[in-house]
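Asker: Sequence unavailable; structure follows:
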């Protein structure tokens with residue numbers, strides 16, 4: 001709740017929950033739920049562009065790393081896929097109801113934006129999937145405990161509302177939670 005107070009008092013960011021229609025974002029096309037967005041970015045386009053920039057930075061590292069080298073059971077394509085879903089889940093935090101896997105941050109629940117004053121915590125398994133599928137050169141790290149932003153409760157955390165990969169339905173969704181649906 002402290003984060004919300006800082007946002008409102010500072011007046012720097014005003015956030016709201018909006019429905020992001022499926023395939024409305026160029027990069028994070030899998031997002032199609034009520035997500036927290038900046039008031040000045042009601043369609044999420046700027047956040048989508050930022051997610052793509054982060055992804056492109058990781059892609060440049062992978063290209064320098066030499067993706068033709070076998071570094072594990074996974075390929076650089078697997079790493080890119082896992083990172084894409086992690087960065088999109090981080091940029092488009094899901095709005096939801098009050099449970100132990102949510103924390104309050106939306107500044108004004110009285111507006112007609114359907115924001116109920118809570119964000120769903122991101123599944124830590126999305127983060128773990130990046131570690132599992134990406135080379136160590138990225139030095140990617142996940143929290144080892146529950147945090148205000150990450151949850152290990154696969155039944156209630158934000159896994160982008162998927163069990164199967166939206167771009168490849170025959171492929172399970174990134175992260176260990178896909179096995180428990």
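Answerer: Yes, it's here. Predicted, not measured: the structure shown is a model, and the values here were computed from it. Numbers count the residues shown, from 1 in each chain.
Asker: going forward, measure contacts and count neighbours with C-alpha atoms only.
Answerer: Noted.
Asker: Can you name every helix or strand that the longest helix along the chain contacts?
Answerer: Under DSSP state H, the helix in the chain containing the largest number of residues is helix 45-65. Using 3 or more Cα pairs under 8 Å, 6 or more residues apart in numbering; DSSP states H and E, the elements in contact with helix 45-65 are helix 76-91.
Asker: What angle do helix 45-65 and the helix it packs on make with each other?
Answerer: Interaxial angle, helix 76-91 versus helix 45-65 (axes from the mean of the first three to the mean of the last three Cα atoms, to 10 degrees): 150 degrees.
Asker: List the buried residues in helix 76-91.
Answerer: 76, 78-91 (16 or more other Cα atoms under 10 Å).
Asker: out of these, which one sits closest to residue 43?
Answerer: Checking those against residue 43 by Cα to Cα gives residue 91 as the nearest, at 12.8 Å.
Asker: hang on, that closest one packs against residue 49?
Answerer: No - in this structure, residue 91 is not within contact of residue 49 by Cα atoms under 8 Å, at 10.0 Å.
Asker: quick one: the strands in the protein?
Answerer: 15-19, 34-38, 102-103, 119-120, 122-123, 150-151 (DSSP state E).
Asker: Looking at those, spot the one closest to residue 59.
Answerer: strand 122-123 (22.5 Å).
Asker: avg pLDDT for the closest one?
Answerer: Mean per-residue pLDDT for strand 122-123: 80.
Asker: Low-confidence bits of this protein, can you list those?
Answerer: 1-13, 68-71, 97-118, 147-150, 152-156, 159-181 (pLDDT under 70).
Asker: Leaving out sequence neighbours, find the closest residue to residue 92.
Answerer: residue 35 (5.5 Å; Cα to Cα, 6 or more residues apart in numbering).
Asker: The one you found: what's it in contact with?
Answerer: 16-20, 92-95 (Cα atoms under 8 Å, 6 or more residues apart in numbering).
Asker: For those residues, give me TSV that also has distance to residue 133.
Answerer: Below are the contacts of residue 35 laid out as TSV (distance: Cα to Cα, whole Å):
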residue	distance to residue 133
16	33
17	32
18	32
19	31
20	28
92	22
93	23
94	24
95	28
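Asker: what's the closest of those to residue 67?
Answerer: Using Cα to Cα, the contacts of residue 35 come closest to residue 67 at residue 92, 28.6 Å.
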